[in-house]
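A.B. asks: fold the following, please.
(chains A and B)
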Amino acid sequence: MIFFKIIFLLVFYLLISNHLIAQTILGDISNRDINITASFKGAKIIIYGVVDPEIYNDTNIYVSVVGPKTKAKLWKKVNRYGLWISDNQYININYIPSYYAISSNNETHNMSSSLFKYIEIGWSNLNILGLENKKNSEQYYYKKKLEEIYREKQLYVSKLNQLNVIENTLFRAEFNLPVITPIGNYEVNMYLVNKNNNKLISSWHDNIFVSKEGISAELYKYSKNNSLLYGIFAAFGAILFGFLASEIFRRI
Amino acid sequence: MDFYLPIAELSVNILVLIILGLVVGFLSGMFGVGGGFLMTPLLMLLGIPPAVAVASEANHILAASVSGFLAHFRRKNIDFLMGFVLLAGGILGSILGVFLLKYLLSTGHEKFFISFAYIFILIFVGGSMLRESLTSISNLNNGKHKKLHEHIWLHGLPFKVKFRKSHLYISILPPIVLGFFVGILSSLMGIGGGFVLVPAMIYILGMPTQIVIGTSLLQIVFVTFIATVMHSYINQTVDVILSSLLIVGAVFGAQIGSRVMGRLRAEQIRFLLSILIIIVALVLVLELLIIPENIYSLEFIK
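C.D. replies: Sure thing, here's the model as predicted:
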């Protein structure tokens, strides 16, 4: 399997090598449409890329996947009278990617450069809105807490320094989407950065669309669009279920 | 075998849900409780969002209580007059409860309030039931005869009606107030209310245990019907895949439970139920006492 992929990539590389002179980095995604069906157990995103070997040694490659932006509430449990409860203690997050994955070929030392902030490389450079009016130390603290939660839910995948590059030109990044993957548009980005001066040389972008399909999608849509009828069907379905069971048992 | 729940938006093991349904259904058939006070916290432990757990639970209890109700109906264990009197209060109470919840949500203290309400009621109900059942079991063993029911001040109220099935001649005010109170709790806590209703009917109204269970199921059927439709309509939080899987286990469990109940003495049923209620209360208290692994949690808003 891997052998075939390498062959594919070599052919791919030969075909696009002319463009590469102008482009210096190019990629492709294994699956642009991910469907969440009843048997959905998560998905794997495979991103193939190719970089100009002439300049490879002076560069760092970053591959990121940024999930649909969303609003969120960060709840905090507090201790009241010796009991741990959630009591109206939360921070409104107005803008946060619901999924974030990053891979790179090299250890990145200076993550605080303005370029990394701009292209959102690394969790600390993610554009999260809602913490602006907090002190710097608090912003850092809450970003760290968000990172822990994302990691635990597998909504944050960090593979810095884990991108394998073959022959200074071909590479492949793999990320897992968890079962709770939010639906919507996922941006796939590749950045080629000069490692001496942290300047962006080239970039490549594409999208993955995650949607629901099959019976679960139909039920989801129906519950949103015809919520009253959905409720009535659910209620009468339950009554019918209970009635049938009781009839069956009566005969046993 | 995993299955993706469309509204809860996560995958769960089908077998786990069916077994959960079976166990809780068994208890519901045996004790006349819907099992919501057990199932809702368990579903949340599986990672299902609280709003979805509460709403899908209402749908699940509906099926289980219809099945349980019919089983008791065939054994003629239902006082319909009493059931409808309770229900009159119950419907009013559940409507008031919806508005009360709306008010609590606007102040933001609903989680605090609900946690305490749960623990207080479970300990109060479980404790008084345990004490009473132990007394009557020891009285029975000592050969003492128990009165049909104790006369308290509640029985002196006006609007007296004869409840033939329950062998009672009491005012309709206590059952209406009781139904009203339980209706409020149902809306606030996402439960059928059986675990409050059953002991209250036994100890406050003085109804016979065998009749109480079928009669309380009548109220639960109506209240959970309203809750299913309202939760779907207002919040879109009823996950029918989740509730169907629970129902499969529950309807069988309820039938077995109601058969087992026929072989037990009323005092024994009350004793077992009180132990169960106290265990749930203790688990909830423990959960609040233990320092949480992560004091932060995240909720995406759509």
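A.B. asks: I'd assumed B:L43 was in contact with B:A53.
C.D. replies: Yes - with contact defined as CB atoms under 8 Å, B:A53 counts as touching B:L43 (3.9 Å). Placement of C-beta: from N, CA and C, glycine included.
A.B. asks: and the strands in the stretch 1-150 of chain B?
C.D. replies: With DSSP state E, counting those that start in this stretch applied, the stretch 1-150 of chain B shows strands at B:2-5, B:10-13, listed in chain order.
A.B. asks: got these as CSV, with mean neighbour count and mean pLDDT columns?
C.D. replies: Formatted as CSV, these follow (neighbours: other CB atoms under 10 Å in any protein chain shown; pLDDT from 0 to 100):
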stretch, mean neighbour count, mean pLDDT
strand B:2-5, 20, 82
strand B:10-13, 18, 84
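A.B. asks: distance to A:R172 added to those, as JSON lines?
C.D. replies: What follows is the strands of the stretch 1-150 of chain B, written out as JSON lines (distance: least, CB to CB, whole Å):
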{"stretch": "strand B:2-5", "distance to A:R172": "28"}
{"stretch": "strand B:10-13", "distance to A:R172": "27"}
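A.B. asks: and the ones you listed as a markdown table, adding distance to chain A?
C.D. replies: Formatted as a markdown table, the strands of the stretch 1-150 of chain B follow (distance: least, CB to the nearest CB, whole Å):
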| stretch | distance to chain A |
| --- | --- |
| strand B:2-5 | 5 |
| strand B:10-13 | 4 |
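A.B. asks: OK, contacts around the closest residue to B:L46 other than its chain neighbours?
C.D. replies: Of all residues not flanking B:L46 in the chain, B:V12 sits nearest, at 6.1 Å (CB to CB, 6 or more residues apart in numbering or on different chains). Going by CB atoms under 8 Å, 6 or more residues apart in numbering or on different chains, B:V12 touches B:D2, B:F3, B:L5, B:L46, B:G47, B:I48, B:L242.
A.B. asks: do a quick rundown of the strands in chain A.
C.D. replies: A:25-29, A:33-36, A:43-51, A:59-66, A:69-80, A:83-97, A:100-104, A:156-159, A:164-166, A:170-177, A:184-194, A:199-212 (DSSP state E).
A.B. asks: the third one near chain B anywhere?
C.D. replies: Read it as strand A:43-51. No - applying CB under 8 Å from any CB of the partner chain, one finds strand A:43-51 out of contact with chain B, separated by at least 12.0 Å.
A.B. asks: what are the C-alpha coordinates of that strand, in CSV please?
C.D. replies: Extracted in CSV, the C-alpha atoms of strand A:43-51 (Å, rounded to 0.1, in the frame of the first residue of the first chain):
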residue,chain,number,x,y,z
ALA,A,43,-11.8,9.4,10.1
LYS,A,44,-8.3,9.7,8.9
ILE,A,45,-7.2,12.7,6.8
ILE,A,46,-4.1,12.0,4.7
ILE,A,47,-2.4,15.0,3.1
TYR,A,48,0.2,14.4,0.5
GLY,A,49,2.7,17.1,-0.4
VAL,A,50,5.7,17.8,-2.5
VAL,A,51,8.3,20.5,-2.0
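A.B. asks: what comes up buried for that strand?
C.D. replies: For strand A:43-51, a neighbour-count test (16 or more other CB atoms under 10 Å in any protein chain shown) marks A:A43, A:I45, A:I47, A:Y48, A:G49, A:V50, A:V51 as buried.
A.B. asks: which strands and helices sit next to it?
C.D. replies: Contacts defined by 3 or more CB pairs under 8 Å, 6 or more residues apart in numbering or on different chains; DSSP states H and E place strand A:43-51 against helix A:2-23, strand A:25-29, strand A:59-66, strand A:170-177, strand A:184-194, strand A:199-212.
A.B. asks: hmm, try it at 7 Å
C.D. replies: helix A:2-23, strand A:25-29, strand A:59-66, strand A:170-177, strand A:184-194 (3 or more CB pairs under 7 Å, 6 or more residues apart in numbering or on different chains; DSSP states H and E).
A.B. asks: avg pLDDT for the longest one?
C.D. replies: This points to helix A:2-23. On average, the pLDDT along helix A:2-23 is 61.
A.B. asks: quick one, phi/psi of the most centrally placed residue in chain A?
C.D. replies: The structure's chain A has its C-alpha centroid closest to A:Y99; by CA atoms, centre = their mean the separation is 3.2 Å. Per-residue torsions, A:Y99: phi -150, psi 140 (degrees, to the nearest 10).
A.B. asks: need the strands of chain A in TSV with distance to B:G194, can you?
C.D. replies: As requested, those are exported to TSV (distance: least, CB to CB, whole Å):
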stretch	distance to B:G194
strand A:25-29	53
strand A:33-36	36
strand A:43-51	42
strand A:59-66	48
strand A:69-80	29
strand A:83-97	26
strand A:100-104	45
strand A:156-159	43
strand A:164-166	60
strand A:170-177	41
strand A:184-194	41
strand A:199-212	36
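A.B. asks: do a quick rundown of the helices in the stretch 151-300 of chain B.
C.D. replies: Using DSSP state H, counting those that start in this stretch, the helices found in the stretch 151-300 of chain B span residues B:173-189, B:194-203, B:209-230, B:240-262, B:266-289.
A.B. asks: so what touches the last one?
C.D. replies: Here helix B:266-289 makes contact (CB atoms under 7 Å, 6 or more residues apart in numbering or on different chains) with A:82-85, B:27, B:30-31, B:37-38, B:41, B:115, B:118-119, B:122-123, B:125-127, B:129-130, B:132-134, B:136-137, B:140, B:195, B:209-210, B:261.
A.B. asks: can I get the buried part of the residues you listed as one PyMOL selection?
C.D. replies: PyMOL command restricting the contacts of helix B:266-289 to the buried ones, with burial defined by 16+ other CB under 10 Å:
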select buried, (chain A and resi 83+84+85) or (chain B and resi 27+30+31+37+38+41+115+118+119+122+123+125+126+129+130+132+133+136+195+209+210+261)
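A.B. asks: identify the residue of the stretch 151-300 of chain B closest to chain A, quick one.
C.D. replies: Chain A sits closest to B:S232 of the stretch 151-300 of chain B, with a gap of 2.7 Å, by CB to the nearest CB.
A.B. asks: list the contacts of that residue.
C.D. replies: Contacts of B:S232 by CB under 7 Å, 6+ apart are A:S223, A:S227, A:Y230, A:G231, A:A234, B:V238.
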